[in-house]
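Chemist: this is a predicted model, with the sequence first.
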Amino acid sequence: MPATRKPSGGLEGTGVLVTGGGTGIGAACAAQAAADGAAVTICGRTEATLAAATERIEKLAANGGSIRYVVGDVTVEDDVARVVAAATEPTGTLDGVVANAGGGGESRPGSRPRGWSSLMRLGSRPIWRRCVVGAGAAKGMNTRPTMPPYGK
């Protein structure tokens, strides 16, 4: 973790899911959330990668934070349901999602719609649909003091 960004807490008691959390940006987001006290679940398709990331991130967890992993493919609906269910176990809620699973393809402005659609299908649509309708909607009226409830 860079010296300029130190864990400060503030995420104690929150559940966070990071897709594609075994490497790169996903692993960095998971590490920061765990260091700030969140119960983090990372997911991806390769167990060895996830296990190694979990071992590294465990050393950084602070303020009551924790890390665990679930093997799953975000393009498979049954896997998404299983991953989201597992991510809610530590705290009973899912308070944040980093939809970071990625893949190749064109994503620049003006790229073919099929390429963009493929990236959205992989990266965020399955998790977004499951979390907003499932765990996220249940939290709609139970927001933080600085945030209005849904619909306000």
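Modeler: In hand now; what should we look at? Numbers count the residues shown, from 1 in each chain.
Chemist: under a three-state scheme, what state does Arg68 occupy?
Modeler: For Arg68, the assignment made with DSSP: H, G, I helix; E, B strand; the rest coil gives strand.
Chemist: find the nearest non-adjacent residue to it, please.
Modeler: Excluding the flanking residues, the one nearest Arg68 by Cβ to Cβ, 6 or more residues apart in numbering is Thr41, at 5.4 Å. Backbone N, C-alpha and C define where each C-beta goes, glycine included.
Chemist: pLDDT value on the one you found, please?
Modeler: According to the prediction, Thr41 has pLDDT 98.
Chemist: tell me how many other residues crowd it.
Modeler: Neighbours of Thr41 under the rule other Cβ atoms under 10 Å: 27.
Chemist: hang on, it packs against Val71?
Modeler: No - checked against Cβ atoms under 8 Å, the pair Thr41 and Val71 is beyond contact range at 11.4 Å.
Chemist: can you pull out the strands in this protein?
Modeler: Using DSSP state E, the strands assigned to the chain run over residues 15-19, 39-44, 66-71, 96-99.
Chemist: these: which one's closest to Ala85?
Modeler: Nearest to Ala85 among the strands of the chain is strand 66-71; the distance by Cβ to Cβ comes to 9.1 Å.
Chemist: so the closest one versus strand 15-19, what angle?
Modeler: Put simply, strand 66-71 runs at 40 degrees to strand 15-19, going by axes from the mean of the first three to the mean of the last three Cα atoms, to 10 degrees.
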